[in-house]
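# Sequence plus predicted model, see below.
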Amino acid sequence: MDKLINIDGSELTINYPSSWNEMTVKEYILLNEILEKQTNTLLLITEYLEALNGGMSLRRMKNSDFQDIIKSMTFIKTELPKDNQITKVTIDGQDYNLIDFKELTVAESIDLSFLMEQGDPIKNLGKFFCIVLRKPLEEWNTKLWERESMFLNIPVSSIIYAFNFFLHIKKK
């Protein structure tokens, strides 16, 4: 969502998600990083908006504009939807299917395990999706890591089923 605001006499357009459907995986990772450091809701949203908008300071924004944005962003206080069992995502006309987790190979298991052990697994979501979302009949190989940026730019809600699986693993 875009909002035109006025800061010190200059009109600026800021961008922010207003639902899980609008939030990309990359934006979710950023939100998670800020959540780890910040417990104050107003400061959390301010820091998140500033990060989403190239580090631009928004602290001199009118409170009325800020309150409008907060109302649009209340979804971040809710859990990600858990009932959406989408098993494929289409990006630029290409289908990427969620692999059957019961059929993981040893190589896939090792790579997933490695990602889980590297600090906060949420930071590795793009790599995680490189492993578990593939073109039909495509086998896992490390060249697929090149797709990470593509997976970072899709909505979190479009791959929620795999996402929830990953979060479930993280909590164990």
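Ah, there it is. Numbers count the residues shown, from 1 in each chain.
# mind listing the helices in the chain by residue range?
With DSSP state H, the ranges of helices along the chain come out as 25-37, 41-52, 63-72, 106-117, 125-132, 148-152, 160-171.
# Distance from the chain centre to the fifth one, please.
Centroid separation for helix 125-132 versus its chain: 12 Å, with Cα atoms, centre = their mean, to the nearest Å.
# what stretches of this structure score poorly on pLDDT?
Along the chain, the parts satisfying pLDDT under 70 run over 82-85, 161, 163-172.
# would you list the helices of the chain in a markdown table and tack on mean neighbour count?
Where C-beta positions appear, they are placed from N, C-alpha and C, glycine not excepted. Output for those, formatted as a markdown table (neighbours: other Cβ atoms under 10 Å):
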| stretch | mean neighbour count |
| --- | --- |
| helix 25-37 | 16 |
| helix 41-52 | 17 |
| helix 63-72 | 13 |
| helix 106-117 | 14 |
| helix 125-132 | 22 |
| helix 148-152 | 16 |
| helix 160-171 | 16 |
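# is it possible to export those helices to JSON lines including distance to residue 2?
Rendered in JSON lines, the data for these read as follows (distance: least, Cβ to Cβ, whole Å):
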{"stretch": "helix 25-37", "distance to residue 2": "14"}
{"stretch": "helix 41-52", "distance to residue 2": "11"}
{"stretch": "helix 63-72", "distance to residue 2": "11"}
{"stretch": "helix 106-117", "distance to residue 2": "34"}
{"stretch": "helix 125-132", "distance to residue 2": "25"}
{"stretch": "helix 148-152", "distance to residue 2": "21"}
{"stretch": "helix 160-171", "distance to residue 2": "25"}
